[in-house]
Each structure stands twice: as C-alpha cells, then as structure tokens.
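**Q** Take this sequence and fold it.
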Amino acid sequence: MVIASATWELNLPECSSLKEKRSILRSLKDRLRNKFNVSVAETAFQDVHKRAQLTIALVASNGRYSESVLDKVDSFVERNGEALIVSVQKRVH
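**A** Next comes the predicted model:
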C-alpha cells in the first residue's frame, strides 16, 4: 500500500475577495475529486485572497500508479487558468 500526496502553493492574481477565491477553489477541488478520485483540501492561507495552498492525498496499491496520478493531477492544476503554481511538493510513502 502506498500513500501519496501533493501540495501546491497557488497565486490567484485575479481574485479581489475571499468570496471570489473560495468560488475558484471550490470549482478546482470539485474537478480534482471527480476526475482523479483524490481527497483534496485547502490547507493554508484561508484568509488571504490572492494566495492558496491545496493538498491532495490518495492511497494506491503501488508507487508507480500513485506517481502517475500525481503527475496527471499536477498537469491539471497547472492548466487551470485562474491559479498560478508558485511551488509544489510531492510525497510518496
């Protein structure tokens, strides 16, 4: 059994309020859950409207599959037009 996670620090340059930020993040989190079947949460910067941190986690039977999913999710987040990736950390345990 393998547990994998990825954390993205995001810049949201177009957000002018927390309400707008939450709308963008809610949409992104829902799409990640539906498309990749991962757990996802906003893990930092909840009260800052131009910055966010999202973390996903998944459990898999092998490391190769989990790394493949992490790579696909990373590409998906990168293609999201409303959030720019500042940094990313991936872990496979």
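**Q** Pull out the buried residues from the longest helix seen in the chain.
**A** What stands out as the longest helix in the chain, according to DSSP state H, is helix 18-36. Judged by neighbour count (16 or more other Cβ atoms under 10 Å), helix 18-36 contains these buried residues: Lys21, Ile24, Leu25, Leu28, Lys29, Leu32. No exception for glycine: its C-beta is placed from N, CA and C like everyone else's.
**Q** Out of those residues, which is nearest to Cys15?
**A** Lys21 (4.5 Å; Cβ to Cβ).
**Q** per-residue pLDDT, the spatially most central residue of the chain?
**A** Geometric centre of the chain, nearest residue: Leu54, 4.2 Å, by Cα atoms, centre = their mean. pLDDT for Leu54: 96.
**Q** Confirm it sits in a helix?
**A** No: looking at Leu54 with DSSP: H, G, I helix; E, B strand; the rest coil, it is strand, so not inside a helix.
**Q** sorry, back to before: residues in contact with the longest helix of the chain: which ones?
**A** Helix 18-36 is contacted from outside by 12, 14-15, 38-42, 47, 49-50, 52, 54, 56, 58, 69, 72-73, 76-77, 80, 82-83, using Cβ atoms under 8 Å, 6 or more residues apart in numbering.
**Q** Which members of these occur in strands, if any?
**A** Ser39, Val40, Ala41, Glu42, Ala52, Leu54, Ile56, Leu58 (DSSP state E).
**Q** Check those residues and tell me the two furthest apart.
**A** Spatial extent of the ones in strands among the contacts of helix 18-36 (Cβ to Cβ) is set by the pair Ala52 and Leu58 at 20.0 Å.
**Q** between those two, which one's more packed in?
**A** Each of Ala52 and Leu58 has its neighbours counted (other Cβ atoms under 10 Å); Ala52 has more, 24 against 20.
**Q** Hmm, Glu42 and the more buried one touching each other?
**A** Yes: Ala52 is within contact range of Glu42, at 6.1 Å (criterion: Cβ atoms under 8 Å).
**Q** Can I get the longest helix of the chain in PDB, CA atoms only?
**A** Provided in PDB are the C-alpha atoms of helix 18-36 (Å, rounded to 0.1, in the frame of the first residue of the first chain):
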ATOM      1  CA  LEU A  18     -12.300  35.900  -0.300                       C
ATOM      2  CA  LYS A  19     -15.700  35.000  -1.800                       C
ATOM      3  CA  GLU A  20     -14.200  35.000  -5.300                       C
ATOM      4  CA  LYS A  21     -11.200  32.900  -4.100                       C
ATOM      5  CA  ARG A  22     -13.500  30.400  -2.500                       C
ATOM      6  CA  SER A  23     -15.500  30.100  -5.600                       C
ATOM      7  CA  ILE A  24     -12.400  29.400  -7.700                       C
ATOM      8  CA  LEU A  25     -11.000  26.900  -5.200                       C
ATOM      9  CA  ARG A  26     -14.300  25.100  -4.800                       C
ATOM     10  CA  SER A  27     -14.600  24.600  -8.500                       C
ATOM     11  CA  LEU A  28     -11.000  23.300  -8.700                       C
ATOM     12  CA  LYS A  29     -11.400  21.000  -5.700                       C
ATOM     13  CA  ASP A  30     -14.600  19.500  -7.100                       C
ATOM     14  CA  ARG A  31     -13.000  18.900 -10.500                       C
ATOM     15  CA  LEU A  32     -10.000  17.200  -8.900                       C
ATOM     16  CA  ARG A  33     -12.200  15.000  -6.800                       C
ATOM     17  CA  ASN A  34     -14.400  14.000  -9.700                       C
ATOM     18  CA  LYS A  35     -11.700  13.500 -12.300                       C
ATOM     19  CA  PHE A  36      -9.000  11.800 -10.200                       C
END
